[in-house]
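1. Compute the structure for the input listed below.
(2 chains)
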Amino acid sequence: MIKVTAIVKNFIKGDIVTNVLKSIDLEVPEGQFLSIMGPSGAGKSTLLYQISLLDKPTSGSIIIDGIDVSHFKEAEATRFRLKNFGFVFQDSALIPEFTALENTLLPSLMLGDNYAKAKHEAIKIFTSFGMLKQIDHLPSQLSGGEMQRVSVIRAIVRKPKILFADEPTASLDTARSHDLMSALLQLHQEGQTIIMVSHEEEFAKMAQRMIYIRDGRIEKDIILSK
Amino acid sequence: MYMPIQSNNLRLIIRTAFFIASKSIQRGSLTVKFVTVFILLLTFLNLIVVGGLLVGITEDVGVKVKDSLTGDIFIEPAKEYNYIQNTGDIFSLLNGVPNVHYSPRLTSGVSIEYEYKNVTGGKNPSRVSAVIAGLEPILETRVTNIDQRVIAGSFLDENWDSIVLGSSLVDGYISSKTGSEASLGHVLIGDKVRIRFSNNNLYEFTVIGILNSKSSTVDQRAFINQKILRQLLSKQGNDYSEIAVVTGGDISSTSLIKELRGISRGDRNDIKSSDEAIPSAVGDLKKAFRLIGNIVSVTALLVGVITIFVIIYVNASSRRRYLGILKAQGISAPTLILSYVFQIIFYVAVGVILGLIALFVFLQPYFMKNPISLPMADGQLLLTSLYVSIRVVVLFISSIISAFIPAWLIIRQNTLDAILGR
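-> All right, here's what the predicted structure looks like:
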C-alpha cells in the first residue's frame, strides 16, 4: 500500500516559486495498475518522481507499506529503490557497452545474487518476453521496441514491489507501444503494482485505475476495471 | 511486505563495481582506452626516466671521483699541516689488513709551460698553473682506474722524464672542454713541457699521455713519478699530501676509517670516506640534479593526473544520464565511483607494465650501451627496485585520486537531475 498525503512540490529559481504539486492525496493498493494522465506541465511526472523517491517533496508524506519514505536521505532512498522499485523510462536508457542481458543483471548483483543465479533469473524473463535471441546483443544492435522491452525486463527482473513507468511508450511507434502495454498488462495480471505516467489517453485507459492531473491537483480519479 | 532496508555491504559494492568496470573496459571506446593507457605510460616513463638518468649521472659523478681520486678512503693532512702525519703507523696498519691497497701521493702547485722554445720577441709561452701529483704508478693502478682513462698515449711509466697531463690542461682531446679554461694548447704526445716548481726549480718532461677521468680535480692535474717530484721538491720520503685507500673482501671502510682515526691522534689527519671526500661543488651538483629530477617527476605526475582527471570528468559527464539511471535502479554512488577507480587501476596497471617493459627491455640496455657523455660523468639509467616501486605506488595513488574526484563530482549530483539532463 502506498499512501501519499498532502504532497506539495515547489520549484524555486531565484525569487520565482513554481508550485507544481498542490497538496495531492493518493492511495495505491498493492497490485493496482495506476495510470497518471494529464496535459504537459500538469505535474504527472513530478508526482511519479516523488513517489518513486527520485525527488523529495517540499512537504507532505509518502508512506510505503507503513514506512515513511519522504524523509529518506539519498543513500537510504537508493537502497530502498534497489530492493523495492523497478523503473521504465521514456527511452530505454540502456548502458551502451552492456549487452541486453548484462543491462538487466546489475540490480541482482547489487542485491547479492551470484552471476550465474542472476543470469538464470534474467534469462527466464527474456524467454517469457520472446527476447532470448537478443540477450547478447548490445543496445546498438536492438530496435527501439526491443530496447524498451529490455528496459522492462531490467525493471522487473528483481520482482520489485512497485514498477514505475514514465511515458514508456513515448518513443515507440503504435505497434511497439501496444506490445509494451501488453507486457505491462501481463505483469499486472501476475500481481505487479504499476504506476505509469502517460499523456496518451489510449494507453492510460488500459490501466486498472486512472487519475487525471491538471495544474498540480488530481482532477479526476477513475476506476477503469476491477 | 516490502523488503526492509539493509546496508549494502562492501563485498557487493566491490563486486558490482568490478562488473561495471570490466564491461566498460571490455567494450568502451578503443580511442579512449588507447589515449588513457598512452598518457599513463608516458607519465610513468617521465616519472622514471628523467629522474633515473639524473640519479645515474649524480651517482656516476661520485663514482668517477672515487675511482679516479679518492678510493674508498681518502686521507689528507689536517688544515694546520702540510703533509699527512704518522704515515709510518698508517702504512703499518694498512699493510696489516688483507685485501687493502693504497696509493700515497705527493702533490704540489706548479706552473706548466709549453712551446717555450718557440717563443720570440718577448712573448710568453703557453702557461697554466696546476697541481702536480707524484705517483707510484704500480700502487696507483691498484687503487684508481686513471691508467684506464688515458685517451691519448700511455699511462705513467718508470721513466723519470715522463709526464701525463689531465685533459683540462690541454686542448683538442675532449669536445666538452670549454674555451674559457686556461690551457697549454694542443699538446701532442712526445712534446716537451717545462715545469716550474714552487722552489723555482725548472724541469723538462716529455708528455707521454693525456687522461680524461671526468673528475675535474684529476683532469686538472699533471702526473709524474713520485721519486723525481720528491727530488725536485727536496722532500723527505715520508712526506705525503694524500693517500687513497681501497678496501676489499670483508673489510668495511667504516671500520677501517675508525681504526685510521684512532692512530691519527686526534685530528692531525683528515680521514674521509669516498662520499665525504667528494668536493663540495660535486655534492652541490648532485643535490641540484636530484632536485631537478624531483621537479621533473612532480611536473610529469601533475600533467598525468590532470589529464586523467579530464578524461574521467568528460567520460562521467557524457554518461551522466546513464549514471542517473543506474542510481535510480538502486546502484549506489560508492559502487559507481568505485567502478571508475577500478577502471583507472586497470589502465595504470597496463601503463606501468608497458612502461616496465620499455624501461628494462629497451631504455636501460640502450643507455647502458650509449651512456650520455657529460664532462663530469657518463649518464646511465639508474633504476633501483626501491626507486621504481615508489614511483609505481605514487602513480597508482595519484591516478586513483584523480579518477575518484571527477567521478565523485558527477555521481554525487541529484539522481533526477542526472536522468533529466538538468
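2. contacting residues for the nearest residue to B:F155 once chain neighbours are set aside?
-> Nearest non-adjacent residue to B:F155, counting by CB to CB, 6 or more residues apart in numbering or on different chains: B:D147, 4.0 Å away. Placement of C-beta: from N, CA and C, glycine included. B:D147 makes contact with B:P137, B:E140, B:T141, B:F155, B:L156, according to CB atoms under 8 Å, 6 or more residues apart in numbering or on different chains.
3. ok, now B:L211?
-> B:I146, B:R149, B:V150, B:I151, B:F155, B:V164, B:L165, B:G166, B:S167, B:V218, B:D219, B:F223.
4. Looks to me like B:Q236 is in a strand.
-> No. According to DSSP: H, G, I helix; E, B strand; the rest coil, B:Q236 belongs to no strand; its state is coil.
5. Return the distance of the residue of chain B found nearest chain A relative to A:F11.
-> Nearest residue of chain B to chain A, counting by CB to the nearest CB: B:G330, 2.3 Å away. Distance from B:G330 to A:F11, counting by CB to CB, to the nearest Å: 26 Å.
6. How about B:Q148?
-> 84 Å.
7. before we move on, the earlier item: just the buried residues from the contacts of B:D147, in PyMOL please.
-> Listed next is the PyMOL selection for buried residues among the contacts of B:D147, using 16 or more other CB atoms under 10 Å in any protein chain shown:
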select buried, chain B and resi 137+140+141+155+156
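8. Doesn't the residue nearest to B:F155 belong to a helix?
-> Yes. The assignment for B:D147 by three-state DSSP puts it in a helix.
9. in chain A, which residue is closest to the centre?
-> Centroid-nearest residue in chain A: A:F164, 1.4 Å away (criterion: CA atoms, centre = their mean).
10. hang on, the earlier thing: quick one, which of the contacts of B:L211 are buried?
-> Neighbour-count burial (16+ other CB under 10 Å) applied to the contacts of B:L211 gives B:I146, B:R149, B:V150, B:F155, B:V164, B:L165, B:G166, B:S167, B:V218, B:D219, B:F223.
11. tell me which of the residues you listed is nearest to B:V361?
-> Using CB to CB, B:R149 comes nearest to B:V361 of those, at 31.4 Å.
12. residues in contact with that closest one?
-> B:R149 neighbours (CB under 8 Å, 6+ apart): B:S68, B:L211, B:N212, B:S213, B:K214.
13. now the residues you listed in a markdown table, with secondary structure and pLDDT?
-> Below are the contacts of B:R149 laid out as a markdown table (DSSP: H, G, I helix; E, B strand; the rest coil; pLDDT from 0 to 100):
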| residue | secondary structure | pLDDT |
| --- | --- | --- |
| B:S68 | helix | 92 |
| B:L211 | strand | 94 |
| B:N212 | coil | 92 |
| B:S213 | coil | 90 |
| B:K214 | coil | 87 |
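14. between the residues you listed, which is nearest B:G262?
-> Among the contacts of B:R149, and counting by CB to CB, the member closest to B:G262 is B:S68, at 28.2 Å.
15. Give me the neighbour count for the closest residue to that closest one other than its chain neighbours.
-> With sequence-adjacent residues excluded and distances taken as CB to CB, 6+ apart, B:S68 is closest to B:S213, at 3.7 Å. B:S213 is flanked by 24 other residues according to other CB atoms under 10 Å in any protein chain shown.
16. The helix or strand bottoming out on mean pLDDT in chain B: partners in the sheet, and parallel or antiparallel?
-> The least trusted helix or strand in chain B, going by mean pLDDT, DSSP states H and E, turns out to be strand B:378-379, with a mean of 81. Strand B:378-379 sits in its sheet next to strand B:372-373 (antiparallel), going by DSSP bridges.
17. ok, residues contacting the strand it pairs with?
-> Residues contacting strand B:372-373 (CB under 8 Å, 6+ apart): B:L53, B:I57, B:S176, B:D378, B:G379, B:Q380.
18. which residues does the fourth one contact?
-> Translated: B:D378. B:D60, B:K214, B:P371, B:I372 are the contacts of B:D378 under CB under 8 Å, 6+ apart.
19. out of those residues, which one sits closest to B:I257?
-> Using CB to CB, the contacts of B:D378 come closest to B:I257 at B:D60, 23.5 Å.
20. can you give me the strands in the chain?
-> I went with chain A, as the question did not name one. All strands of chain A, identified by DSSP state E, fall at A:2-13, A:16-28, A:33-37, A:59-64, A:67-68, A:85-88, A:162-166, A:193-197, A:209-214, A:217-223.
21. wait, I meant chain B there
-> Per DSSP E, chain B carries strands over the ranges B:73-77, B:101-114, B:126-135, B:150-153, B:162-166, B:192-196, B:202-211, B:221-225, B:242-246, B:269-273, B:372-373, B:378-379.
22. Could you look over those and pick the most buried one?
-> strand B:162-166 (a mean of 26; mean count of other CB atoms under 10 Å in any protein chain shown).
23. Tell me where the stretch 251-400 of chain B has helices.
-> B:253-263, B:274-277, B:280-318, B:320-328, B:333-357, B:364-369, B:385-411 (DSSP state H, counting those that start in this stretch).
24. helices and strands around the second one, which ones?
-> So the one you mean is helix B:274-277. In terms of contacts (3 or more CB pairs under 8 Å, 6 or more residues apart in numbering or on different chains; DSSP states H and E), helix B:274-277 is packed against helix B:30-65, strand B:73-77.
25. Hmm, A:I223 is touching A:A207, no?
-> No. Counting by CB atoms under 8 Å, A:I223 sits too far from A:A207 to count as a contact (10.0 Å).
26. what about those two, which has more around it?
-> Neighbours were counted for A:I223 and for A:A207 using other CB under 10 Å; A:A207 has more, 26 against 10.
27. Could I get the contacting residues of the more buried one?
-> So A:A207 contacts A:F33, A:L34, A:S35, A:H188, A:I194, A:M196, A:L224 (CB under 8 Å, 6+ apart).
28. got it, and B:I419?
-> So B:I419 contacts A:L54, A:F89, A:A93, B:R321, B:G324, B:I325, B:A328 (CB under 8 Å, 6+ apart).
29. can you pick the most crowded of these?
-> Of the contacts of B:I419, with other CB under 10 Å as the count, B:A328 tops at 28 neighbours.
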